[in-house]
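Trainee: I would like to see how this sequence folds:
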Amino acid sequence: MLNLLKGRYLTPLCLAVALGAAQTATGETLLRWTEGSADRGSRAATYHWFADQVKERTGEEISFQFYFGGALMGHAANVSGIGSGAADIGQVIAAYTPKELTAYSVGDLPLVGVDPWVGMRAMYELATTNPTLQKMFDELNLVYIANQSTGPVQLICNGADIKTLEDLKEVKIRASGSYGEVLSSLGANVISMSQEDVYSALDNGLVQCNQQYVQGVIPYRQHEVTDQIILLNLGQILGFGIVMNKDSFERLSPEQQKIVREAGSEFVDNYSERLAGDVESNLEKMNTLDSDFSMQVTELGEADIATLAKAGEVYNAGWLETTTEAGYPAEDLFANFKALVEKYDAELKSKGYPWER
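Mentor: Numbering: from 1, shown residues only. Modelled structure (predicted):
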């Protein structure tokens, strides 16, 4: 076996399958964490925070080996890869694996104005208490650990001078998923392309606007080719979680399992605080005149917010129909999610964010 493992043609994925969750010479459990993105930004920082917390609380009995940048597997392979044990832990994204995570995509519906912490807390409680989601993860041989969010969907534009939703008609917008469908229903000319191609498309006029997140504009350098950000706050990607291989999780002691679950819950608040800081910092840069990042920041009026919400409801109705046809109790799932959003929204309004209390 050792000669095979040292073979020059053995891929990282094959190596992971061959080894399984590793036991070190000292009895420490080493869990392999697969991540398709690079080791930078708030999410990566929170992954390291989680790993450090688990290691410390277990007396260094559990540690993690990170494989960033798709070194072990890409985003779309994580559901099957983690489920099969090719990795022990990592993120899953409903938009990349819609068939397997149909029920989890309830978090991606275009609800207007939901705070990221509220959304993540609602999805965390939904995934840890709702029988449909619990059964879904169990059948995939996964254990749900924590939730993430992209933050609300916004628009950045170049020379479009958008003041109201009416101004979106015939505007060429790069958008995707439910958000693209909502914008298309409002008269926009929606174009599909990868985020990596957007910079040149905005620069040469192939598109006039791009679906983006506040904290994503500057890292993609798209502030260089846009002059306006419109705060749509149109939904967020919440079908976006951290899961563990069920067999790896069950090999942990009951006390270790408890620590992992507790750190997973705390992950939501830790990441939310980092995300909020990123959004605030980036908006401040955009709002600063004569800065390298200066943009016109446009907020929608109440009438436009109501129009956007109504357009989202049309998409949601379609999701309910197709998800029900796929054999899931979509109405109950959506009602459960919305009730939890209302619960945590009320908590936010009465108590503020956990890190500010």
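Trainee: from here on, contacts and neighbour counts on C-alpha atoms
Mentor: Will do.
Trainee: In three-state terms, label Phe64 for me.
Mentor: Secondary structure, DSSP: H, G, I helix; E, B strand; the rest coil: Phe64 is strand.
Trainee: any low-confidence regions in the protein?
Mentor: Scanning the chain for pLDDT under 70 picks out the ranges 1-27.
Trainee: Now stretch 208-221: buried residues?
Mentor: Gln208, Cys209, Asn210, Gln211, Gln212, Tyr213, Val214, Gln215, Gly216, Val217 (16 or more other C-alpha atoms under 10 Å).
Trainee: whoops, I mixed them up, stretch 28-44
Mentor: Buried-residue list, stretch 28-44, by 16+ other C-alpha under 10 Å: 28-37, 39, 42-44.
Trainee: Among these, which one sits closest to Leu283?
Mentor: Of all these, Ser42 has the smallest distance to Leu283: 16.1 Å, by C-alpha to C-alpha.
Trainee: for the stretch 251-357 of the chain, what spans make up the strands?
Mentor: Using DSSP state E, counting those that start in this stretch, the strands found in the stretch 251-357 of the chain span residues 296-299.
Trainee: tell me, how many neighbours does Asn233 end up with?
Mentor: 23 (other C-alpha atoms under 10 Å).
Trainee: check contacts around the nearest residue to it once chain neighbours are set aside.
Mentor: Of all residues not flanking Asn233 in the chain, Pro152 sits nearest, at 4.7 Å (C-alpha to C-alpha, 6 or more residues apart in numbering). By C-alpha atoms under 8 Å, 6 or more residues apart in numbering, the contact set of Pro152 is Gly113, Val114, Asp115, Pro116, Tyr213, Leu232, Asn233, Leu234, Gly235, Gln236, Ile237.
Trainee: so the fifth one makes contact with Ala175?
Mentor: Right, the one you point to is Tyr213. No - using C-alpha atoms under 8 Å, Tyr213 is not in contact with Ala175, being 11.8 Å away.
Trainee: Where do the strands of the stretch 101-250 of the chain begin and end?
Mentor: 142-147, 154-157, 172-174, 189-191, 209-212, 228-231, 240-245.
Trainee: could those go into TSV alongside distance to Val54?
Mentor: Shown next, in TSV, are these (distance: least, C-alpha to C-alpha, whole Å):
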stretch	distance to Val54
strand 142-147	12
strand 154-157	35
strand 172-174	40
strand 189-191	43
strand 209-212	33
strand 228-231	37
strand 240-245	14
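Trainee: now for those, which one comes closest to Gln91?
Mentor: Among these, strand 240-245 sits nearest to Gln91 (C-alpha to C-alpha), with 4.3 Å.
Trainee: returning to what we had before: of the buried residues of stretch 28-44, just say which sits nearest to Gln195.
Mentor: Ser37 (13.7 Å).
Trainee: residue contacts, the nearest residue to the closest one once chain neighbours are set aside?
Mentor: Excluding the flanking residues, the one nearest Ser37 by C-alpha to C-alpha, 6+ apart is Gly69, at 4.6 Å. Contact analysis of Gly69 by C-alpha under 8 Å, 6+ apart lists Glu35, Gly36, Ser37, Ala38, Asp39.
Trainee: Number of residues surrounding Gly74?
Mentor: 15.
Trainee: again with Ser281
Mentor: Count around Ser281 with other C-alpha under 10 Å applied: 13.
Trainee: which one of the buried residues of stretch 208-221 is nearest Lys258?
Mentor: Gln215 (32.8 Å).
Trainee: Glu224 versus the closest one, what's the distance?
Mentor: Using C-alpha to C-alpha, to the nearest Å, one gets 15 Å for the distance from Gln215 to Glu224.
Trainee: try Pro98
Mentor: Where Glu224 is concerned, Pro98 sits at a distance of 34 Å (C-alpha to C-alpha).
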